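# just coords:
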């Protein structure tokens with residue numbers, strides 16, 4: 001029934017539907033394609049009937065009467081008609097939005113689900129993946145459970161740029177970009193290709209930060225008496241000159257307290273590294289070792305036995321408590337190495353303690369394959385004693401003459 005839609009015409013049609021129990025569809029003579037469908041069950045739905053981009057006549061929902069009045073229905077109908085003519089499909093879009101919402105509730109099709117899939121195919125083969133995914137979830141945590149179609153490059157960039165620790169955010173960006181590039185590859189297209197253009201908020205620079213004696217004097221008591229595994233792990237890094245991830249990944253099967261050794265099976269340089277433990281390092285481990293510690297348990301686990309990952313928060317808390325600032329976990333390793341140099345330990349011994357690949361000159365390394373383990377053991381004990389002296393307010397570090 002084609003009429004010029006008015007409130008009177010609509011009310012008259014509603015009465016007829018109620019009397020006859022039959023549906024009536026009013027066709028607006030003023031707006032091509034706009035219709036109001038009135039059913040005996042009380043529904044009054046605005047519909048736009050028009051041809052889609054393939055020439056098929058279809059109906060697209062516009063709204064409900066009387067929530068949407070005549071004037072608004074005409075305006076919205078004209079918009080729907082123009083969108084459909086331009087190739088849009090409001091019905092498919094609405095169906096997709098409902099599917100996205102459902103997948104988001106079910107954890108399917110989210111950024112977290114994408115990362116889980118990438119981990120199974122690629123990430124889990126990387127030794128550093130636990131660190132990478134931990135950093136990604138810290139920086140992009142608010143987006144992890146968001147469906148992928150709702151996430152834009154701007155969302156990711158804002159999360160990275162707004163993260164308080166710029167170096168940490170930069171690392172998270174570098175870790176997530178390979179997953180985004182993989183996900184946006186032709187034939188896969190889980191995310192738009194532009195996602196891989198995510199930029200780190202800060203470029204990693206070469207650091208040279210070394211903690212001063214005064215800073216160590218404030219920091220060491222907190223690391224010794226710290227109630228968190230992060231504090232104990234930081235002290236262990238100072239005592240062993242290990243890299244952070246090496247200490248974090250250490251398990252009780254790798255430690256022999258009686259022999260005073262710790263072996264790192266897969267260090268950064270791929271060379272298994274046997275670290276002689278100083279008396280202080282052995283005492284630290286003996287103090288924290290649970291009676292029921294299993295071989296594969298971490299030396300420094302979270303409260304649930306997992307791997308330490310929330311380093312930024314822990315470091316900030318320790319810096320505030322010790323009235324220090326501007327240092328990272330790796331700076332502890334550099335500080336220990338610097339102390340050894342100040343005590344007169346030869347550079348080759350320091351390099352061996354740090355487990356660098358090249359500890360000699362290019363020519364010397366051709367002939368000398370020694371890793372100086374006895375000398376490294378002596379150096380690490382001297383370092384531990386020096387740290388005790390700094391903590392207890394002893395005299396300045398005195399260089400040791402003639403020591404190899």
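Good, I have the coordinates. Bear in mind the structure is a predicted one, so any value in this text is a computation, not a measurement.
# Going by C-alpha atoms from here, please, whenever you check contacts or count neighbours.
Noted.
# In space, what's closest to residue 195 - neighbours in sequence excluded?
In space, and not counting its chain neighbours, residue 195 is closest to residue 153: 5.2 Å by Cα to Cα, 6 or more residues apart in numbering.
# Please work out how many residues are found near that neighbour.
With neighbours defined by other Cα atoms under 10 Å, the count for residue 153 comes to 17.
# any low-confidence regions in the stretch 151-300 of the chain?
Residue ranges of the stretch 151-300 of the chain with pLDDT under 70: 202-206, 225-226, 267-271.
# returning to that earlier point: distance of the residue nearest to residue 195 from residue 163?
16 Å (Cα to Cα, to the nearest Å).
# One more: residue 208?
Using Cα to Cα, residue 208 is found at 23 Å from residue 163.
# of those two, who's got more company?
The neighbour comparison of residue 208 against residue 163 (other Cα under 10 Å) goes to residue 163, with 16 against 10.
# what phi and what psi does the backbone show at the more buried one?
Note on residue 163: backbone dihedrals following degrees, to the nearest 10 are phi -70, psi 130.
# likewise residue 280?
In terms of degrees, to the nearest 10, the main-chain angles of residue 280 are phi -70, psi -40.
# next one: residue 24
The phi/psi pair for residue 24 (degrees, to the nearest 10) reads phi -130, psi 140.
# which non-adjacent residue is nearest it?
Excluding the flanking residues, the one nearest residue 24 by Cα to Cα, 6+ apart is residue 38, at 5.3 Å.
# Pop the domain breakdown of the protein in here.
According to automatic domain parsing, the chain comprises the domains 2-88, 106-197, 213-391.
# residues touching the spatially most central residue of the chain, list them.
Against the mean C-alpha coordinate of the chain, by Cα atoms, centre = their mean, the closest residue is residue 136 at 1.1 Å. Taking Cα atoms under 8 Å, 6 or more residues apart in numbering as the contact definition, residue 136 lies against 172, 173, 175, 176.
# Same check on residue 201?
160, 161, 166, 167, 169, 170.
# before we move on, what about residue 239?
Residue 239 makes contacts with 278, 280, 281, 336, 380, 383, 384, as judged by Cα under 8 Å, 6+ apart.
# Most neighbours among the residues you listed, please name it.
Neighbour counts for the contacts of residue 239 were taken using other Cα under 10 Å; the highest belongs to residue 380, with 27 neighbours.
# can you pull out the strands in the stretch 251-400 of the chain?
Ranges of strands within the stretch 251-400 of the chain are 255-256, 261-264, 273-276, based on DSSP state E, counting those that start in this stretch.
# how about a markdown table for the ones you listed, with distance to residue 340 added?
Below are those laid out as a markdown table (distance: least, Cα to Cα, whole Å):
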| stretch | distance to residue 340 |
| --- | --- |
| strand 255-256 | 24 |
| strand 261-264 | 20 |
| strand 273-276 | 15 |
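# Name the stretch among those that sits most buried.
Greatest average neighbour count among the strands of the stretch 251-400 of the chain goes to strand 273-276 (a mean of 22), per mean count of other Cα atoms under 10 Å.
# Which strands border it, and is each parallel or antiparallel?
strand 261-264 (antiparallel) (DSSP bridges).
# Could you tell me how far the partner strand lies from the centre of the chain?
Distance, stretch centre to chain centre, for strand 261-264: 29 Å (Cα atoms, centre = their mean, to the nearest Å).
# And for it, what's in contact with it?
Residues outside strand 261-264 that contact it (Cα under 8 Å, 6+ apart): 246, 250, 254, 255, 256, 272, 273, 274, 275, 276, 277.
# 10 Å - rerun?
Strand 261-264 has contacts (Cα atoms under 10 Å, 6 or more residues apart in numbering) with 240, 242, 246-247, 249-256, 270-278, 281-282, 377.
# Over to stretch 14-30?
1-6, 8-11, 13, 33-49, 70, 74.
# Can I have the buried ones of these as a PyMOL selection?
To isolate the buried ones among the contacts of stretch 14-30 in PyMOL, judged by 16 or more other Cα atoms under 10 Å, type:
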select buried, resi 5+10+13+33+34+35+36+37+38+39+40+44+45+46+47+48+49+70+74
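# How many residues are close by residue 188?
Residue 188 has 9 nearby residues by other Cα under 10 Å.
# who's in contact with it?
Counted by Cα under 10 Å, 6+ apart, residue 188 has contacts residue 182.
# and it, that's in a strand?
No. Secondary structure of residue 188 (DSSP: H, G, I helix; E, B strand; the rest coil): coil, not part of a strand.
# where exactly do the strands run in the stretch 51-200 of the chain?
Taking DSSP E, counting those that start in this stretch, the strands of the stretch 51-200 of the chain run over residues 57-64.
# Which stretches in it count as helices?
Using DSSP state H, counting those that start in this stretch, the helices of the stretch 51-200 of the chain run over 70-85, 90-106, 111-121, 129-139, 153-161, 166-183.
# can you give me the end-to-end distance of stretch 22-37?
Termini of stretch 22-37 sit 11 Å apart (Cα to Cα).
# Report the distance from it to the chain centre.
Distance of stretch 22-37 from its chain centroid, counting by Cα atoms, centre = their mean, is 53 Å.
# How about stretch 276-284?
Worked out by Cα atoms, centre = their mean, stretch 276-284 lies 33 Å from the chain centre.
# For it, give me every contacting residue.
Under Cα under 10 Å, 6+ apart, the answer for stretch 276-284 is 224, 232-233, 235-240, 255-263, 285-287, 353, 373-385, 387-388.
# Ok, stretch 300-307 next?
130-131, 134, 228-233, 236, 245, 247-252, 285, 288-289, 297-299, 308-310.
# repeat that with 7 Å
Contact partners of stretch 300-307, identified using Cα atoms under 7 Å, 6 or more residues apart in numbering, comprise 229, 233, 248, 308.
# Could you pick out the buried ones from the residues you listed?
By 16+ other Cα under 10 Å, those give 229, 233, 248, 308 as buried.
# need the contact list for the second one.
With contacts defined as Cα under 7 Å, 6+ apart, the neighbours of residue 233 are 247, 300.
# And the last one, by the same measure?
When contacts are counted by Cα under 7 Å, 6+ apart, residue 308 touches 248, 301, 302.
# Pairing partners for the closest residue in space to residue 377 that isn't next to it in sequence in the sheet, please.
Of all residues not flanking residue 377 in the chain, residue 276 sits nearest, at 5.2 Å (Cα to Cα, 6+ apart). Here residue 276 sits in beta bridges with residue 261, going by DSSP bridges.
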